[in-house]
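J.: structural data only, the sequence is not supplied:
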């Protein structure tokens, strides 16, 4: 595999990489002792992934495509929403 073809293969996963990048950013924020802010960012990243799975055609969804579109969107939306609710309800560590 040439570097150009490897880059093209990775670039085809852009919907997944956008969601993953936001989640990783949230993890970095949590690691810097901003629990609530970081967890909200993580939930936002999962919700962005759900939105991208909803609007991007299945041929271009890459690693976000696991099952049917409806099941993927529902799973990601419930996970993102649940994480957001937990971030807003759970008090930050003292």
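T.: Ah, there it is. Because the structure is predicted, anything quoted here is derived from the model rather than measured. Residues are numbered from 1 along each chain as shown.

J.: okay, now the unreliable bits of this protein?
T.: 92-94 (pLDDT under 70).

J.: and the closest residue in space to residue 54 that isn't next to it in sequence, how many neighbours does it have?
T.: Excluding its sequence neighbours, the residue lying closest to residue 54 (C-beta to C-beta, 6 or more residues apart in numbering) is residue 73, at 4.9 Å. The way it works is simple: take the backbone N, C-alpha and C, and place the C-beta from them, glycine included. Neighbour count of residue 73, defined by other C-beta atoms under 10 Å: 18.

J.: touching stretch 19-28 from outside, list them.
T.: If you take C-beta atoms under 8 Å, 6 or more residues apart in numbering as the criterion, stretch 19-28 is touched by 38-46, 48-49, 52, 64.

J.: coming back round to it: doesn't residue 55 make contact with the residue nearest to residue 54?
T.: No: Residue 73 is not in contact with residue 55 according to C-beta atoms under 8 Å; the separation is 9.7 Å.
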